[in-house]
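Visitor: How does the following fold in three dimensions:
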Amino acid sequence: FYASTRFTPLGVDDNLELQFEVTDQESNSSRVIAPAVPFGSEWLPADGSPRQKLAAWLTDRRNERFDRAIVNRVWGQMFGRPFHSPVDDLPDPGDPATEVLDLLADGFRSHGRELKWLIHAIAASRPFRLDSRIFNTDANTPAATELPTVELQHHEGAWAVFPLIRLRPEQVIGAMLQSASLKTIDRNSHLFTRVRRFFGEQEFVQEYGDLGEEELSEQTGTIPQALLRMNGKLARELLQTGPLGATTAIAGATAGDDALCLASCFEVCLGRHPEPEESAALLPWLTETRGSQREQAVQDIFWALFNSPEFSWNH
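Guide: Below you'll find the predicted structure:
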């Protein structure tokens, strides 16, 4: 289908006179291989260039695999891992293991293949709204305790909990930029703020590493990535933003209340209050600090939270 495709100064063009030829190793003769599809040849239109025919065949409403592939990739983008792995190696339609993909694909197709509908349907599903941890509520146990790792992995495989997945590089730097800002950073923000975020993201992603098409594969963090969050130029700049930054504002607004100061740091960075053991470990950093010392202590807490596993994982 792409044998006639060529690059020209004006862009991509199709030279229909070009054909795909292969050489027979035994007879040393050449033969032309005509474009063909693995199934559903009746879906190929009679008119158009080879690429146009392939596009029409691929998006034909009878091609259920097209809708299932889109659903599996969108599911992977929203959950951090696809419903079926590998993401591009799906079984045939009707396989019991991917019945969920069949149901979503049918709805996606009946709604005109509108991605907005698909994203809304997945976001409204029960698996998407679950917590990333599950507690043992057996009546025989004295208190609710988290399940062991093996059982938690079993629940993840059954989509009974939200999977723990590393954030993508642009999500990590986006969270760091927002945590260090007093106001929400969006399209209504000042032009300087948006430009700073754009170039900051570009630089961070380049140094942090972008997985590209491998973003849905099982990957762990690397040592250079951890070092970039700890000692990178952008991380230092975000913590030392002066009077317009979150660290300075929190240090000044909570000068007389160490517990409130620590709670504010956790709410800004992690969206929750500190646990008792976290308070016991971090409150001494704030005790009897004033002025620049207190601001430095708040920066240290932000630095610790930026580099915590919770900050860079989706949960």
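Visitor: Buried residues of stretch 187-194, list them for me.
Guide: By 16 or more other CB atoms under 10 Å, the buried positions in stretch 187-194 come out as Thr193. From N, CA and C alone the C-beta is placed, and that goes for glycine too.
Visitor: contacts for that stretch?
Guide: Contacting residues not belonging to stretch 187-194 are listed as 181, 183, 185, 197 [CB atoms under 8 Å, 6 or more residues apart in numbering].
Visitor: now for those residues, which pair is the farthest apart?
Guide: Lys183 and Arg197 (12.1 Å; CB to CB).
Visitor: Any stretches of the stretch 201-315 of the chain with poor pLDDT?
Guide: 207-229, 231-233, 241-244, 315 (pLDDT under 70).
Visitor: follow-up on the earlier one: in strands, which of the contacts of stretch 187-194 appear?
Guide: With DSSP state E as the criterion, strands contain none of the contacts of stretch 187-194.
Visitor: Could you identify the buried members of the residues you listed?
Guide: Here, 16+ other CB under 10 Å leaves 181, 185, 197 buried among the contacts of stretch 187-194.
Visitor: Spatially, what comes nearest to the first one if we skip its sequence neighbours?
Guide: Which is Ser181. Of all residues not flanking Ser181 in the chain, Ala246 sits nearest, at 6.3 Å (CB to CB, 6 or more residues apart in numbering).
Visitor: mind listing what that neighbour touches?
Guide: By CB under 8 Å, 6+ apart, the contact list for Ala246 reads 179-182, 268, 302.
Visitor: May I ask which two of these are separated the most?
Guide: For the contacts of Ala246, and using CB to CB, no pair is farther apart than Leu182 and Phe302, which are 13.4 Å apart.
Visitor: neighbour-wise, which of those two wins?
Guide: Neighbours per residue (other CB atoms under 10 Å) separate Leu182 from Phe302, with Phe302 holding more: 23 against 12.
Visitor: Which other helices and strands does the helix or strand harbouring the more buried one contact?
Guide: Using DSSP states H and E, Phe302 sits within helix 291-306. Judged by 3 or more CB pairs under 8 Å, 6 or more residues apart in numbering; DSSP states H and E, the packing partners of helix 291-306 are helix 169-179, helix 233-239, helix 246-253, helix 258-270, helix 276-286.
Visitor: could you dump those to JSON lines with distance to Gly76?
Guide: Listed next are those as JSON lines, based on distance: least, CB to CB, whole Å:
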{"stretch": "helix 169-179", "distance to Gly76": "14"}
{"stretch": "helix 233-239", "distance to Gly76": "28"}
{"stretch": "helix 246-253", "distance to Gly76": "32"}
{"stretch": "helix 258-270", "distance to Gly76": "25"}
{"stretch": "helix 276-286", "distance to Gly76": "32"}
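Visitor: Nearest approach to Gln52 belongs to which of those helices?
Guide: Nearest of the helices and strands packed on helix 291-306 (CB to CB): helix 169-179, 33.9 Å.
Visitor: so for that closest one, what's the average pLDDT?
Guide: Helix 169-179 shows an average pLDDT of 83 in the prediction.
Visitor: Output that helix as CSV, nothing but the C-alphas.
Guide: Output of helix 169-179 as CSV, limited to C-alpha atoms (Å, rounded to 0.1, in the frame of the first residue of the first chain):
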residue,chain,number,x,y,z
PRO,A,169,7.4,13.0,32.2
GLU,A,170,5.1,15.9,31.2
GLN,A,171,2.8,14.9,34.1
VAL,A,172,5.7,15.0,36.6
ILE,A,173,6.9,18.4,35.6
GLY,A,174,3.3,19.7,35.3
ALA,A,175,2.7,18.6,38.9
MET,A,176,6.0,20.3,40.1
LEU,A,177,5.2,23.5,38.3
GLN,A,178,1.7,23.7,39.7
SER,A,179,2.8,22.8,43.3
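Visitor: Ramachandran coordinates for the most centrally placed residue in the chain?
Guide: Taking CA atoms, centre = their mean, the centroid of the chain lies closest to Arg168, which sits 4.8 Å from it. As for Arg168, its main-chain torsions (degrees, to the nearest 10) stand at phi -70, psi 160.
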